[in-house]
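Participant: how does the following fold in three dimensions:
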Amino acid sequence: MFTIIIQEKGGEQRRMVFNKPEVTIGRVQGNDIVLPKGNVSKRHARIVLKDGKFIIVDLKSTNGTYVNGRKITSPLVVKDSDKIYVGDFIIGVDEASDQQGDGPSETTTAPPADRIPSMAPPDMRPPRPTEAQQMPMPGPIPMAAQPEPAPPPPGP
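Facilitator: Numbering: from 1, shown residues only. Prediction:
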């Protein structure tokens, strides 16, 4: 039995408990974990628990599967502390689980209060300052004096 922790970037966190050795991740129904976003492939990846180790396998997804920021090209053993990136989602694994059951069970936690996404339409949201607006512009840099060009060589 193990737990998969799923968090959409800037969104809520879900925990799903599984009592089977392999789960599939993808955009469409039929996967154990459905992540309904366009940057997730229909069948994107699979996580296998074998001999007490988690193995992540990319299923030839369009946008790739990343572990700790690096794209995987072959099955990779992951630890509890690793972050698996599938589209806009960050996934973690946890072998320790105190829940019981045959299929997945799910709990959801709300994001921190400072990360709750706005429900207002985009054109009604207040503008967010950009990094350029937050940082003062440096003053002009003085240019070094340019030397005078050398006179042309005397002709023959």
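Participant: low pLDDT regions in the protein?
Facilitator: Counting by pLDDT under 70, the chain has low-confidence residues at 96-146, 155-156.
Participant: ranges for the strands of it?
Facilitator: Secondary structure of the chain, counting by DSSP state E: strands at 2-8, 13-18, 22-26, 33-34, 45-50, 53-58, 65-67, 70-71, 76-78, 84-86, 89-94, 105-109.
Participant: who wins for proximity to Pro151 among those?
Facilitator: Closest approach to Pro151 among the strands of the chain (C-beta to C-beta): strand 70-71, 59.2 Å. Heads up, the C-betas are built off the backbone N, CA and C, glycines and all.
Participant: partner strands of the closest one, parallel or antiparallel?
Facilitator: strand 65-67 (antiparallel) (DSSP bridges).
Participant: neighbouring contacts of the partner strand?
Facilitator: Strand 65-67 is contacted by residues 44-45, 56, 58, 71-72, 76, 78, 82-86 when judged by C-beta atoms under 8 Å, 6 or more residues apart in numbering.
Participant: what's the closest of those to Pro154?
Facilitator: Lys71 (64.3 Å).
Participant: so what's the closest one up against?
Facilitator: By C-beta under 8 Å, 6+ apart, Lys71 lies in contact with Gly64, Thr65.
Participant: now with 7 Å, please.
Facilitator: Gly64 (C-beta atoms under 7 Å, 6 or more residues apart in numbering).
Participant: that one bridge partners, please.
Facilitator: Tyr66.
Participant: for the strands of the chain, which one sits closest to Ala150?
Facilitator: strand 70-71 (54.0 Å).
Participant: returning to that earlier point: report the buried members of the contacts of strand 65-67.
Facilitator: Listed as buried from the contacts of strand 65-67 are His44, Ala45, Ile56, Asp58, Ile72, Leu76, Val78, Ile84, Tyr85, Val86; burial here means 16 or more other C-beta atoms under 10 Å.
Participant: need those in CSV (columns: distance to Pro153).
Facilitator: Compiled in CSV, those are given as follows (distance: C-beta to C-beta, whole Å):
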residue, distance to Pro153
His44, 70
Ala45, 70
Ile56, 70
Asp58, 66
Ile72, 64
Leu76, 67
Val78, 70
Ile84, 69
Tyr85, 64
Val86, 68
